[in-house]
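Engineer: Sequence first, predicted coordinates after that:
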Amino acid sequence: MRLSDLERYDQITIQCHDNPDADTLASGYGLYCYFKSRGKTVRMVYGGKYKIQKSNLRLMVDKLKLPIEYIENPKECKVEGVLITVDCQYGSGNVTCLLAETVAVIDHHQLDREPIPMCIINPNLGSCATLVWKLLLEEGFDIGSDAYLGTALYYGLYTDTNQFSELYNPLDMDMREAVDADKTLITLFRNSNISLKELEIAGIALIRYSYNDDYEFAVIKAQPCDPNILGLISDFLLQVDAIKTCVVFNEGNDGYKFSVRSCIREVDASELAEFLAEGMGSGGGHYEKAGGLISMKLYEEKYPTLHSEGYFNNRMTQYFDSYELIYAHEYEADISLMGQYVERRIPVGYVKLDELLPVGTPVTIRTMEGDIDMKIEEDFYILINSRGEVKSVGGETFRKRYEFCEGGYGMEDGTEGPDYAPVIKNRSSGRDLRLTDYVRGCIPMKDEKIYAMPLNRPVKVFVPEMKQKYMSGKPGDYLAVRCEELHDIYVIPKDIFLQSYVPV
C-alpha cells in the first residue's frame, strides 16, 4: 500500500493512539499535511480517558499548531470515508475503537493481530515518524512545504528513540539528518519533558532494583511513565560501580517498554535488547544504549503465568549463560574438529574509495549493519554482496584474496537489497553517494581455504581490528579459521556459508 492508494477517499480521519506521545502526533500530522495537499477533507483525532496533559506535548501541539481533536464520545463518532490509525493498530488496547467501514493502519510496532488488507507496518524502525517520512518521500511530497512538519517528525523520532540513544535503523538516521527541524523548539520541548510526578517515579524505581551479583546486572520495573524516563533511570543506574549492564522497563497498554544499558565490551546493548524481545516484539539501538517493546498479547500467549520481573531477570541470566567468549589472538582452535572448505567463486562488488573521494575526506558509510565512520585512505576497498552487506579491506588484502572480473555481481539491475542501499555520506560536503552506483565486480581467488565448523551454542568473537566490539554467532552459524593464519578467526552466518563455501 502507498499513501496515494488512499486518495480515492474524499474524507480521511487520522487517529492517534490514546494518551498520545510525540511520535503518534508527528506521524498523524505528516499524514494530515499530505492529504490536505491533495484536497481531501481531513481530521486528526485521538480518544481515551484523558486529554493531553504532559507539558512537552501541550507545547508541541501549541507551537507546531497541530490540528488534533479529542473525541469525548467515541460511540457517537461515525467515521466517513477512511480511518487511518497511526503509530497503533486498529483494535489494539491502546487505541479507542471508532466505527468505520474502511480502515488502514500505518505503524512501526510488532504485528500482534490479524492484519487488515490496507496496512503498512515496519517494526524495524525506531519511530512511526520515520515510516511516514519515507511514505511522503515515495509520493514526492515536499516535507518543507509545511513550516512545522520537519520539527514534528524530528521530535517524534527523538522521543521514541530515547533522545536518539536507541537509534539503530539507517532510515531513522537518514530522516534525522534530512528534515529541517527548529532546534530552538526542540530544546524547549526537551526541557519540559519531566513532571514532578515522573521525578517521583524515577526516585521510587531506583530504590526497588534487583541485582545479580554473578553477572553484575540490575533490573528495575518502573511505574507507567514516558519512555524517556526509562532511559534517565537506566543512565543513572549504570553509574553504580557494581552494575555493568541493566534493564529498566514498565508496563503500558500495548506491552512492556524497556531500556537497556551496557558499559562493558562483552555486552552489546543492541544485541541484548533484541534477545529480550525475541519472538514477542522488537529491540535495538547502539552498543552502549538500546531499548525495545514487547507486545503484551504475544507475551501473555508465551508466558501466561510468569510475572514481568521474573521474565526480565530470567532472560538476562539466560543471555549471560548462553554464549562463549573467544579472543582470537589467544584462542587455539582445534582444527581436528573442523572441516576444510574453499570459497565459491561468487562475484561480489567492490568500490575503491580513493577513486570516489580525495584521501583524508571524512565519511560515514551507512548500512543496515550500522554506521562506519572513517577517513578515506589510500588503496582502501569496500566490498558489497548482493544482499547489500558491506565490509572494508585494505588494498594488499584485497589483491591477495580477490581478482577483477567482467560482468555484474548480483545487484547490477539496481537491486537495493532487502531494506537499504548502502550510502557513503561525505561529512565535509554533506553530499551522499549511493555505493551501488559505483560498484564494479570482483571474484574470490581459487586458493583461499578455511577451516570451519557449525556452532552448537552462541559465541562472541573478539578480533584485534575490532577493539571495542565483537562478532556474534548463533547455533547453526559457522566458526571459521583461515588456514594460513590460525588466529584469524571469524563468524560466517549459516545462509552465507552454505551459499559461499564448499568442502575441499
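Structural biologist: Everything's here; your move. Keep in mind it's a predicted model, so treat the numbers as computed, not measured.
Engineer: which stretches of the protein form helices?
Structural biologist: Along the chain, the stretches classed as helices by DSSP state H are 22-37, 55-63, 128-138, 149-160, 170-178, 183-190, 196-206, 227-237, 269-277, 296-302, 308-322, 395-401, 494-500.
Engineer: Out of those, the one nearest Lys449 is which?
Structural biologist: Distances from Lys449 to each of those were compared using Cβ to Cβ; the minimum, 11.4 Å, belongs to helix 395-401. No exception for glycine: its C-beta is placed from N, CA and C like everyone else's.
Engineer: Pull out the buried residues from that closest one.
Structural biologist: Phe398, Arg401 (16 or more other Cβ atoms under 10 Å).
Engineer: any residues touching it, and which ones?
Structural biologist: Tyr350, Glu378, Asp379, Phe380, Tyr381, Leu383, Val393, Cys442, Pro444, Met445, Glu448 (Cβ atoms under 8 Å, 6 or more residues apart in numbering).
Engineer: cool, stretch 353-360 as well?
Structural biologist: If you take Cβ under 8 Å, 6+ apart as the criterion, stretch 353-360 is touched by 363, 375-382, 424, 426, 433, 438.
Engineer: Tell me how far that stretch lies from the chain's centre.
Structural biologist: The chain centroid and the centroid of stretch 353-360 are separated by 30 Å under Cα atoms, centre = their mean, to the nearest Å.
Engineer: Would you indicate which residues of it are buried?
Structural biologist: For stretch 353-360, a neighbour-count test (16+ other Cβ under 10 Å) marks Leu353, Asp354, Leu356, Leu357 as buried.
Engineer: Spatially nearest residue to Tyr303, not counting backbone neighbours?
Structural biologist: Distance criterion Cβ to Cβ, 6 or more residues apart in numbering; nearest residue to Tyr303, sequence neighbours excluded, is Tyr311 at 6.0 Å.
Engineer: and the one you found, how many neighbours?
Structural biologist: The criterion is other Cβ atoms under 10 Å. On that basis, Tyr311 has 19 neighbouring residues.
Engineer: Roughly how far does it sit from Pro304?
Structural biologist: Summarising the geometry, the distance separating Tyr311 from Pro304, computed by Cβ to Cβ, to the nearest Å, is 12 Å.
Engineer: Just the strands from the stretch 401-504 of the chain, written as ranges.
Structural biologist: For the stretch 401-504 of the chain, applying DSSP state E, counting those that start in this stretch gives strands covering 402-404, 423-426, 432-434, 440-444, 449-454, 459-462, 471-473, 478-482, 485-492, 501-503.
Engineer: Turn those strands into TSV, columns for mean pLDDT, mean neighbour count and distance to Ala328.
Structural biologist: As requested, the strands of the stretch 401-504 of the chain are arranged in TSV below (pLDDT from 0 to 100; neighbours: other Cβ atoms under 10 Å; distance: least, Cβ to Cβ, whole Å):
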stretch	mean pLDDT	mean neighbour count	distance to Ala328
strand 402-404	87	14	22
strand 423-426	88	19	29
strand 432-434	86	14	33
strand 440-444	88	18	21
strand 449-454	92	18	14
strand 459-462	90	20	6
strand 471-473	87	20	9
strand 478-482	91	21	9
strand 485-492	87	16	4
strand 501-503	90	13	19
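Engineer: For the residue nearest to Val45 when sequence neighbours are not counted, give me its contacts.
Structural biologist: If the residues on either side of it in the chain are set aside, Val45 comes closest to Glu69, at 4.8 Å by Cβ to Cβ, 6+ apart. With contact set as Cβ under 8 Å, 6+ apart, Glu69 has these partners: Arg43, Met44, Val45, Tyr46.
Engineer: Repeat the analysis, applying 10 Å as the threshold.
Structural biologist: Counting by Cβ atoms under 10 Å, 6 or more residues apart in numbering, Glu69 makes contact with Thr13, Arg43, Met44, Val45, Tyr46, Gly47, Cys77.
Engineer: got a markdown table for the contacts of stretch 353-360, with distance to Val86 too?
Structural biologist: Conversion of those to a markdown table gives the following (distance: Cβ to Cβ, whole Å):
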| residue | distance to Val86 |
| --- | --- |
| Val363 | 35 |
| Lys375 | 41 |
| Ile376 | 41 |
| Glu377 | 45 |
| Glu378 | 49 |
| Asp379 | 49 |
| Phe380 | 44 |
| Tyr381 | 43 |
| Ile382 | 37 |
| Ile424 | 33 |
| Asn426 | 34 |
| Leu433 | 33 |
| Tyr438 | 37 |
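Engineer: Name only those of those residues that count as buried.
Structural biologist: So, of the contacts of stretch 353-360, Val363, Ile376, Phe380, Tyr381, Ile382, Ile424, Asn426, Leu433, Tyr438 end up buried under the neighbour-count rule (16+ other Cβ under 10 Å).
Engineer: Most widely separated two among those?
Structural biologist: Taking Cβ to Cβ as the measure, the buried ones among the contacts of stretch 353-360 reach their widest spread between Tyr381 and Asn426, a distance of 17.9 Å.
Engineer: Low-confidence ranges, the chain, go.
Structural biologist: Screening the chain residue by residue with the criterion pLDDT under 70, one finds the ranges 110, 112-113, 407-419, 465-468.
Engineer: mind listing what the residue of it positioned farthest from its centre touches?
Structural biologist: Relative to the mean C-alpha coordinate of the chain, counting by Cα atoms, centre = their mean, the farthest residue is Ser336 (39.9 Å). The neighbours of Ser336, taking Cβ under 10 Å, 6+ apart as the test, are Tyr451.
Engineer: now the one 4 residues further on
Structural biologist: For Gln340, the contacting residues are Lys449, Ile450, Tyr451, Ala452, Cys483, Pro503, Val504, taking Cβ under 10 Å, 6+ apart as the criterion.
Engineer: For Glu80, which non-adjacent residue is closest in space?
Structural biologist: Gln11 (4.6 Å).
Engineer: Spit out the contact partners of Tyr256.
Structural biologist: The neighbourhood of Tyr256, defined by Cβ under 10 Å, 6+ apart, consists of 221, 249-250, 276-277, 280-281, 292-296, 299, 308, 311-312.
Engineer: ditto for Ala129
Structural biologist: Counting by Cβ under 10 Å, 6+ apart, the residues that Ala129 touches are 22-30, 86-87, 108, 152-161, 172, 175-176, 179.
Engineer: can you check Tyr299 too?
Structural biologist: The contact partners of Tyr299, by Cβ under 10 Å, 6+ apart, come to Asp112, Glu251, Gly255, Tyr256, Ala277, Gly279, Met280, Gly281, Leu306, Ser308, Tyr311.
Engineer: now with 8 Å?
Structural biologist: For Tyr299, the residues meeting the contact criterion (Cβ under 8 Å, 6+ apart) are Gly255, Tyr256, Met280, Ser308, Tyr311.
Engineer: which one of these is nearest Leu6?
Structural biologist: Each of the contacts of Tyr299 was checked against Leu6 using Cβ to Cβ; the closest is Gly255, at 27.6 Å.
Engineer: can you tell me how far that closest one sits from Leu298?
Structural biologist: For Gly255, the distance to Leu298 (Cβ to Cβ) stands at 8 Å.
Engineer: Tell me which of those two has more neighbours.
Structural biologist: Between Gly255 and Leu298, counting by other Cβ under 10 Å, Gly255 is the more crowded of the two (26 against 17).
Engineer: Look up the closest residue to the more buried one, ignoring the ones flanking it.
Structural biologist: Nearest non-adjacent residue to Gly255, counting by Cβ to Cβ, 6+ apart: Met296, 4.1 Å away.
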